[in-house]
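Visitor: sharing a sequence plus its predicted fold:
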Amino acid sequence: MALLTRALSARAGPSWRRAARASPGFQLPLLEPAAVTRALSRAMACRQEPQPQGPPPAAGAVASYDYLVIGGGSGGLASARRAAELGARAAVVESHKLGGTCVSTAVCSVRGRRFVSAFRSTACARSYGFPSCEGKFNWRVIKEKRDAYVSRLNTIYQNNLTKSHIEIIRGHAAFTSDPKPTIEVSGKKYTAPHILIATGGVPSIPHESQIPGASLGITSDGFFQLEELPSRSVIVGAGYIAVEIAGILSALGSKTSLMIRHDKVKEVKKTSSGLEVSMVTAVPGSLPVMTMIPDVDCLLWAIGRDPNSKGLSLDKLGIQTDDKGHIIVDEFQNTNVKGIYAVGDVCGKALLTPVAIAAGRKLAHRLFEHKEDSKLDYNNIPTVVFSHPPIGTVGLTEDEAIHKYGEENVKIYSTSFTPMYHAVTKRKTKCVMKMVCANKEEK
Amino acid sequence: MAAMAVALRGLGGRFRWRTQAVAGGVRGAARGAAAAQLGRKVAVVDYVEPSPQGTRWGLGGTCVNVGCIPKKLMHQAALLGGLIQDAPHYGWEVAQPVPHDWRKMAEAVQNHVKSLNWGHRVQLQDRKVKYFNIKASFVDEHTVCGVAKGGKEILLSADHIIIATGGRPRYPTHIEGALEYGITSDDIFWLKESPGKTLVVGASYVALECAGFLTGIGLDTTVMIRSIPLRGFDQQMSSMVIEHMASHGTQFLRGCAPSRVRRLPDGHLQVTWEDCTTGKEDTGTFDTVLWAIGRVPDTRSLNLEKAGVDTSPDTQKILVDSREGTSVPHIYAIGDVVEGRPELTPTAIMAGRLLVQRLFGGSSDLMDYDNVPTTVFTPLEYGCVGLSEEEAVARHGQEHVEVYHAHYKPLEFTVAGRDASQCYVKMVCLREPPQLVLGLHFLGPNAGEVTQGFALGIKCGASYAQVMRTVGIHPTCSEEVVKLRISKRSGLDPTVTGCG
């Protein structure tokens, strides 16, 4: 993509360069088509990456597929591959690494859990008869391993696509104003009777205007790039990402604070010894006070995720989104525009890899195997928060059940015990289980 | 003394009843307490005959004292050894190798078991179940007698009697030196000193689990198997269990049977065995010989014939009907002592509870022994529920059975570079839609935790179609079950690549 910018700049005046730098994606300003395509052809010729199968379409032509998938993450890849298996000629557009959030940046990756499991083990090992087991932690080792593993996965995904004869289009896609739904990637146009949006999401960060200095913090994307274990961490957020990251850092030896209301953070300042995070805190029963945590070397915002839908030019086709930018779909993953679908985090419902994969596959079966009723059932999706100890959950929460069935019709069975693993260790954790049942049959 | 008594040898009883449970094992205690809760006058009679090596233990039965509980703790100790080896890959600067201290582990395990013994005693007391620590035997069909400490004879009579005396390890008494020099699972968990270089004779899950954790804590361990491993379990899975153990340090002597054990002047044990195929004899020197060749029911000293209770002529186990009733109307039997029942703690407990509910709670629910899940806690654990592949084929015919399978690699094995060759899962289904699931077999870490949930599904009659509609939890090993797509019949490579 760097090559492309240079090619354009060479042909255009200063205004071009400014435009190219400013836009996050690759939105080409209006210019005579010939100039654009000439620049692009030159850029394409310079590219080192191997070209996909088949002759490149002639300049100016619109490449046509059976299935176009925007986004090469969990949902997009699964859908494209299943469609290809069912005989569709498919292409996936991806501007970053194949595999998406789950593989590259997800908290639930190798790093998180196994670190701490290994940690827990060395700590408990003494009680099980390993007296000389002392462990100091070296962050770099795991970072290198993790990076290597993720890199391997990226390659595996690429190979999987190639094996399935799915074209990989590198770049950022945006819809055009053409009569038939069409996308444009790096100046080239592509169309298909079925287009899937599976662009996922990005972590949100508060605006500088809301919280001055917010940009001094990182997100879960940045967490996996940390080179050292932070000595003082502040994690802002209350969802599973915040809880998981805080748990990992704390267990590995970082002094960690978890801040549950991000609107109580007032300001972040940079000093010579680290960040200063100022916030309003309130002990129940007392008046709120301003507190400040000094010397923070890792401030991490885990306050939610925003759908990655802004750069798609959805308005060109009038694809409806909610006020946060999530693409609105029905139970069959249809958007309001015929032939355009969406799955995964960009829809904002059940933000989980297996859900995106399952929905993507069901969609492929519906479109290319004509299984008209093929859709994902979003009820009773199991999930786990990899906190310490972890929480596994499926079905309704107690509150949801009471709301749905009425308190008098809900019966709760519960148990609490110390797992036998801790029978011989000094450190103990509890295991708690709750089964929420409804009505006479105690479903 | 005409006291109403319930003798239960087993885990703490939560049932009270006007019955006498002979043997206070897990089941026994459970039943005792249950009956007591229903307002009955209950007694438990429990006695542990010391092992030939002199090991004895308290209330709770095999599971608590010389089975499941200490086994799992020692298995955990062995697993920790493996995790400690993995730790440097995750950035932990742990000096390797880390030695293991048997004494420290044994003390911790034994203390935990003792706390459980105590817990059971307290439970019985709380439920007002009378506890007699005497060796009981039948006088007639309503009366049991035993000799207490001090020589006093106690007679107990009851309206209902439950026999739950369990079983004990079998000794190959025909092998010279077996009884004098060998130990069994009754002894291994109570050893104060490390067993050292050990020969485990047997192919049962007891043999493999013991050999597994001994290897895991660093001891030189050999397993001698006469014919096939884990008889009764799916044989494909059983072979893989052994393969894993063999590639991780356990030595195997296949097709061999021991003929003699003698003690050498330096205290070591010399074992002589014969290779069953070649007939060739060989010897080896060990610190410990552990017999794990099966278990026998604890019925011999009960004088069952005085009560008229029938046993199987082959196994000496007590014969019962679907209501756990013996040949005598008011005498029942549950657990390991019963013919044709799984030798598992949870089935014994559940059978006991249901029995009490039927006798005193007005229920008519019978125990269902189908689709009982279980796990073999070998170094790579094997969890299963339902039919083995061979059982399914025998019952339904090859053409009516579809087996879906996958070789997967647990995420946790990647960074540490662990060998996942035997990490495998297969689902045996009927071929006709909706493809009812007949059996599930999982080989991998935390197999018990993985299998438990699916057992519910199979109990509810899950089909392959329903399993495929279940969304997986990511990243786990468990999700590999709901991702099974490749059938054995297709001949395609069942190796999982990538994230779904």
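Guide: Now that the structure is in, tell me what you want to look at. Numbering: from 1, shown residues only, chains lettered A, B, ... in the order given.

Visitor: could I get the contacting residues of residue 99?
Guide: Because you didn't say which chain, this covers chain A. Residues counted as contacts of residue A:99 (CB atoms under 8 Å, 6 or more residues apart in numbering or on different chains) are A:72, A:73, A:74, A:77, A:150, A:153, A:154, A:157, B:499. Every C-beta, even on glycine, is put in place using the N, C-alpha and C of the backbone.

Visitor: wrong one, chain B
Guide: A:130, A:131, A:132, B:218.

Visitor: most neighbours among these, which one?
Guide: Greatest neighbour count in these, by other CB atoms under 10 Å in any protein chain shown, goes to residue A:130: 24 neighbours.

Visitor: just the pLDDT at the nearest residue to it once chain neighbours are set aside, thanks.
Guide: Residue nearest to residue A:130 in three dimensions, not counting chain neighbours: residue B:98, with 5.0 Å by CB to CB, 6 or more residues apart in numbering or on different chains. Listed pLDDT for residue B:98 reads 90.

Visitor: neighbours of residue 430, how many?
Guide: Reading this off chain A. So residue A:430, with other CB under 10 Å, has 10 neighbours.

Visitor: meant chain B, my bad for not saying
Guide: 17.

Visitor: ok, the nearest residue to it once chain neighbours are set aside - contacts?
Guide: Sequence neighbours aside, residue B:436 is the residue nearest to residue B:430 in space, at 4.6 Å (criterion: CB to CB, 6+ apart). For residue B:436, the contacting residues are B:429, B:430, B:461, B:462, B:463, B:464, by CB under 8 Å, 6+ apart.

Visitor: what's the neighbour count on the residue in the stretch 101-250 of chain A that chain B sits nearest to?
Guide: Closest to chain B within the stretch 101-250 of chain A is residue A:129: 3.3 Å, counting by CB to the nearest CB. By other CB under 10 Å, 27 other residues sit near residue A:129.

Visitor: phi and psi next, for residue B:34.
Guide: phi -60, psi -50 (degrees, to the nearest 10).

Visitor: looking at it, it is touching residue B:350, isn't it?
Guide: No. Using CB atoms under 8 Å, residue B:34 and residue B:350 do not qualify as a contacting pair, with a distance of 10.9 Å.

Visitor: comparing these two, which shows the higher neighbour count?
Guide: residue B:34 (29 against 18).

Visitor: measure that one to chain A for me?
Guide: 18 Å (CB to the nearest CB, to the nearest Å).

Visitor: returning to what we had before: helices - which of the contacts of residue A:99 land there?
Guide: Residues of the contacts of residue A:99 located in helices (DSSP state H): A:74, A:77, A:150, A:153, A:154, A:157.

Visitor: low pLDDT regions in the stretch 301-443 of chain A?
Guide: For the stretch 301-443 of chain A, not a single residue meets the criterion pLDDT under 70.

Visitor: around chain B, pick out the residues from it.
Guide: For the stretch 301-443 of chain A, the contact set with chain B under CB under 8 Å from any CB of the partner chain comprises A:352-355, A:357-358, A:376-377, A:381-384, A:392, A:420-421, A:423-424.

Visitor: only whichever of these are buried, select them in PyMOL.
Guide: Here is the PyMOL command that selects only those of those that count as buried (16 or more other CB atoms under 10 Å in any protein chain shown):
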select buried, chain A and resi 352+353+354+355+357+358+376+381+382+383+384+392+421+423+424
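
Visitor: three-state assignment of residue B:100?
Guide: With DSSP: H, G, I helix; E, B strand; the rest coil as the basis, residue B:100 sits in coil.

Visitor: just to check, it is in contact with residue A:126?
Guide: No. Counting by CB under 8 Å, residue B:100 stays clear of residue A:126, with 11.0 Å between them.

Visitor: looking at those two, which has the bigger crowd around it?
Guide: More crowded of residue B:100 and residue A:126, by other CB under 10 Å: residue B:100, with 24 against 19.

Visitor: give me the pLDDT for residue B:154.
Guide: The model's pLDDT for residue B:154 equals 88.

Visitor: is it bridged to anything, and to what?
Guide: residue B:146 (DSSP bridges).

Visitor: for it, what are its contacts?
Guide: B:1, B:132, B:134, B:145, B:146, B:147, B:148.

Visitor: same deal with residue B:230?
Guide: B:203, B:204, B:205, B:208, B:237, B:238, B:241, B:376.

Visitor: just the element for the residue of chain B found nearest chain A, please.
Guide: For chain B and chain A, the shortest gap (CB to the nearest CB) falls at residue B:105, measuring 3.3 Å. Assigned by DSSP states H and E, residue B:105 belongs to helix B:102-126.

Visitor: buried set for that helix?
Guide: B:102, B:104-106, B:108-110, B:112-113, B:116-117, B:120-121, B:123-124.

Visitor: next secondary structure after it?
Guide: As the chain continues past helix B:102-126, the following element, by DSSP H and E, is strand B:130-132.

Visitor: direction included, what does the helix or strand just after that following strand pair against?
Guide: Scanning forward in sequence from strand B:130-132 by DSSP H and E, the next helix or strand is strand B:135-140. According to DSSP bridges, strand B:135-140 forms sheet pairs with strand B:143-147 (antiparallel).

Visitor: which residues are contacting the partner strand?
Guide: B:5, B:7, B:20, B:22, B:45, B:47, B:132, B:134-139, B:153-158, B:161.

Visitor: with just CA atoms, put it into CSV.
Guide: Extracted C-alpha coordinates of strand B:143-147, given in CSV (Å, rounded to 0.1, in the frame of the first residue of the first chain):
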residue,chain,number,x,y,z
THR,B,143,-29.6,-60.1,61.8
VAL,B,144,-26.0,-59.2,61.5
CYS,B,145,-23.3,-59.8,64.1
GLY,B,146,-19.8,-58.5,64.6
VAL,B,147,-17.1,-58.4,67.2
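
Visitor: tell me the gap between that strand and the middle of its chain.
Guide: Strand B:143-147 has its C-alpha centroid displaced from the chain centroid by 30 Å (CA atoms, centre = their mean, to the nearest Å).

Visitor: could you pull up the mean pLDDT of that strand?
Guide: Mean predicted confidence for strand B:143-147 is 90.

Visitor: which positions in it come out as buried?
Guide: Buried, per 16+ other CB under 10 Å, within strand B:143-147: B:143, B:144, B:145, B:146.
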